[in-house]
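Peer 1: Take a look and give me a structure for this.
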Amino acid sequence: MNKKEKHFPKVVVFVIVAIVFVGLIFLVTGKKSTAEKEDTLPTVVIQKPVLQNLVESVVISGYVEAKAMIPVVPLVSGTIMEYPARAGDFVEKDTLLAKIDDEPFRQQVLQAQAAYFAAKSTYDRVASLYKSGATTHQNYDNARAQYDASTAQYDLAKLQMNYTEVKASVSGTILIADQAVGGMASTGSPLAVIADLTNQVVRLKVPEKYFDLFTMERENLVVTVTRPAEKNMYDDAVTSATIENIAPYVSPQSKNFEVVCHLDEPGERFRPGMYVKVQVAYKTHENVYTLPIKSKKMDGSFYIYDDKTETVKFVMPEQTPSDGMNFIVSSDYADSWIVTDGQNFVFDGQKVRLYKDALEEYGMN
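Peer 2: Below is the predicted model of the structure:
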């Protein structure tokens, strides 16, 4: 056997090994590329339309106000000696809120009292003389004028003395009580502010485009006021409201008009100054199929998922009513799976894969 023939089997073995090695590489890389291709499919979330009532409405933000906030202003000035007023307390009319030092006014009463008795004595004497013809009519008039002036001064001094007790002018809740014993009460500054918390309103600034809706459909509008609560702590506070007044004009500066809504039952959860959302419902659609607005793309279209082909189909529906969160869809789509998330990354006829949570939620796994 020559040298060539001796090495021939080794060459054959080498070629076979090389072919097997290349085949294994191709098999492994082929599987890998297939897996990678599967991983590149866009993931979507789907759901079926929900049968429910949908209410068309306008939602406007505002702040709660007390319909009437009564400042309690002292009618005399002086040092505050007592101050039982506390913010948050409910008080009845004529409840004492503050006591001003009355000593200076007490002295004024004594002075006015002395002048009054002196003038009264003089008047009584002159009047007696005048009746007997022993004095002139002018002397009688002077004595009478002095008596009347001293009487008025005496009455004023007693009235100012009473004003040192500052009392609630109405029944309600004290909103502001920011004075203290030892402070100075002034006739120009309120000692407290009182409001009737059972009489609260929200003043809405409504865009001009809704003017006809509010004025022409006023009797049919349903108003709901919601105070958003802290998540995971309390539920939202909700109450109905009644439209109390609609401004008959639109502000040329803001292009808004004012609507005043009276809270029907504010309860304990609503207070002046709180932020609220006011929903004004004007039309109700009962037992309609709806989808979340997030299902729509910017152009108003959405995608239907075909569970047989695992592909999505592009749909451009007619424009339908919405409540700001959901929109109405045709009953033709009642049993269709609609893409609610991931629709911005797919195209018509594209194969997709479902998000695992969606599979568990809708029982398709």
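
Peer 1: Contact partners for Ala85?
Peer 2: 91, 97-98, 174, 177, 179, 191-192 (CB atoms under 8 Å, 6 or more residues apart in numbering). For the C-beta atoms, the positions are set from N, CA and C on the backbone; glycine is no exception.

Peer 1: Distance of it relative to Ala98?
Peer 2: 6 Å (CB to CB, to the nearest Å).

Peer 1: Now the common contact residues for the two.
Peer 2: Common neighbours of Ala85 and Ala98 are listed as 179, 191-192 (criterion: CB under 8 Å, 6+ apart).

Peer 1: Filter these down to the ones in strands?
Peer 2: Ala192 (DSSP state E).

Peer 1: Just the buried residues out of the shared contacts of Ala85 and Ala98, in PyMOL syntax.
Peer 2: Command for PyMOL that selects the buried part of the shared contacts of Ala85 and Ala98, burial taken from 16 or more other CB atoms under 10 Å:
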select buried, resi 179+191+192
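
Peer 1: Of the shared contacts of Ala85 and Ala98, which is the nearest to Gln153?
Peer 2: Of all these, Leu191 has the smallest distance to Gln153: 26.8 Å, by CB to CB.

Peer 1: Please verify my assumption that the closest one contacts Ala98.
Peer 2: Yes: in this structure, Leu191 is within contact of Ala98 by CB atoms under 8 Å, at 4.9 Å.

Peer 1: can you list residues touching both of those two?
Peer 2: 74, 80, 83, 85, 166, 179, 185.

Peer 1: Thr340: which of those is nearest?
Peer 2: Ala85 (55.8 Å).

Peer 1: tell me which element the closest one is part of?
Peer 2: Applying DSSP states H and E as the criterion places Ala85 outside every helix and strand.

Peer 1: residues in contact with Tyr303?
Peer 2: Tyr303 touches 44, 312-315, 338-339, 343, 346, 348, counting by CB under 8 Å, 6+ apart.

Peer 1: how far away is it from Arg353?
Peer 2: As defined by CB to CB, Tyr303 lies at a distance of 14 Å from Arg353.

Peer 1: what's the answer for Thr320, then?
Peer 2: 30 Å.

Peer 1: what are the ranges of the helices in this structure?
Peer 2: Listed in chain order, the helices of the chain (DSSP state H) span 3-39, 103-132, 137-162, 211-216, 356-362.

Peer 1: Ile328 is in contact with Glu286, correct?
Peer 2: No: judged on CB under 8 Å, Glu286 makes no contact with Ile328 at a distance of 11.2 Å.

Peer 1: more crowded one of those two?
Peer 2: Set Glu286 next to Ile328 and count neighbours by other CB atoms under 10 Å: Ile328 wins out with 20 against 8.

Peer 1: Could you report the pLDDT at the closest residue to that one other than its chain neighbours?
Peer 2: Nearest residue to Ile328 in three dimensions, chain neighbours excluded: Thr320, at 4.1 Å (CB to CB, 6 or more residues apart in numbering). Turning to Thr320, the model gives it a pLDDT of 92.

Peer 1: these two touch, right, Thr320 and Phe327?
Peer 2: Yes: at 5.5 Å, Thr320 counts as touching Phe327 under the criterion of CB under 8 Å.

Peer 1: more neighbours, these two?
Peer 2: Phe327 (22 against 16).

Peer 1: Who is that one paired with across the strands?
Peer 2: Leu291, Ser322 (DSSP bridges).

Peer 1: Confirm for me that it is in contact with Ile293.
Peer 2: Yes: with contact defined as CB under 8 Å, Phe327 reaches Ile293; the gap is 5.7 Å.

Peer 1: Could you report the distance from Gln153 to Asp141?
Peer 2: Gln153 is 19 Å from Asp141, where distance means CB to CB.

Peer 1: of the two, who's got more company?
Peer 2: Between Gln153 and Asp141, counted using other CB under 10 Å, Gln153 has the larger neighbour count: 17 against 12.

Peer 1: Not counting its neighbours along the chain, what's nearest the more buried one?
Peer 2: Nearest residue to Gln153, sequence neighbours excluded (CB to CB, 6+ apart): Ala112, at 4.7 Å.

Peer 1: Verify the contact between that neighbour and Gln160 for me.
Peer 2: No: assessed by CB under 8 Å, Ala112 is found out of contact with Gln160, at 9.7 Å.

Peer 1: which sections of the stretch 251-365 of the chain are below the confidence cut-off?
Peer 2: The stretch 251-365 of the chain contains residues with pLDDT under 70 at 356-365.

Peer 1: Which stretches in it count as strands?
Peer 2: Taking DSSP state E, counting those that start in this stretch, the strands of the stretch 251-365 of the chain run over residues 256-263, 275-292, 302-306, 311-315, 326-329, 337-341, 353-354.
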